[in-house]
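Chemist: need a 3D model of the following:
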Amino acid sequence: MSEISFRRFVPTDAQWVVARHADLYARDEGFDDTFGAVVGEIIADFCRSHDPLCEQGWIAETQGQRIGCIFCVRHTDTIAKLRLFLLTPEARGRGVGKQLLQRCMAYAKTAGYSEMTLWTHESHRAACALYAAFGWQLVDSRPVHSFGVDLVEQTWKVLL
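Modeler: Residues are numbered from 1 along each chain as shown. Model (predicted):
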């Protein structure tokens, strides 16, 4: 893979974020169309009302092609929420996720948050291993039926 660059999310990235989430989760996890709709709502809300002083998104690129994204949003005044962390298949296993996660966590700390939280699924083993390597702790896990499939939802937290 060629050199990887990271830049701030801009609204023209929104369609890519939604489409790649919908496509990859349908292909890899069997998610139905409701997942893309949820991602669309999250990204539309971010574009409409995020506070750039304490909320930010990043896009990873190589050769002008988007290959990943991650977002830091306010959960409470002291807790940030990691959202929409995604790597395309060609970006996986190359350190891109590590760099995005480092960037997001450093930003959250600089923005004044003392903790971060995230929601994911047990099936995302590589991401969960990355969270654990960065000091995140699994604080809740429960079986659910979402997006047309049976899943185990997880909540993770980390102190900054």
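Chemist: list the contacts of stretch 16-23.
Modeler: Here stretch 16-23 makes contact (Cβ atoms under 8 Å, 6 or more residues apart in numbering) with 9, 31, 33, 35-36, 39-40, 43, 66, 69, 84, 86, 88. All C-beta spots, glycine's among them, are computed from the backbone N, C-alpha and C.
Chemist: got it, and stretch 35-46?
Modeler: For stretch 35-46, using Cβ under 8 Å, 6+ apart, the contacting residues are 9, 14, 17-19, 21-22, 25-26, 55, 57, 71, 73, 83-84, 147.
Chemist: so how far is it from its chain's centroid?
Modeler: Centroid separation for stretch 35-46 versus its chain: 12 Å, with Cα atoms, centre = their mean, to the nearest Å.
Chemist: also stretch 80-90?
Modeler: With Cα atoms, centre = their mean as the basis, stretch 80-90 stands 3 Å off its chain's centre.
Chemist: and that stretch, what's its mean pLDDT?
Modeler: Averaging pLDDT along stretch 80-90 yields 97.
Chemist: which residues are in contact with the nearest residue to Cys128 once chain neighbours are set aside?
Modeler: Spatial nearest neighbour of Cys128, chain neighbours left out: Thr120 (6.7 Å); criterion: Cβ to Cβ, 6 or more residues apart in numbering. The contact partners of Thr120, taken as Cβ under 8 Å, 6+ apart, are Ala127, Cys128, Tyr131, Glu153, Gln154, Trp156.
Chemist: who touches the first one in this structure?
Modeler: It refers to Ala127. Phe85, Gly97, Thr120.
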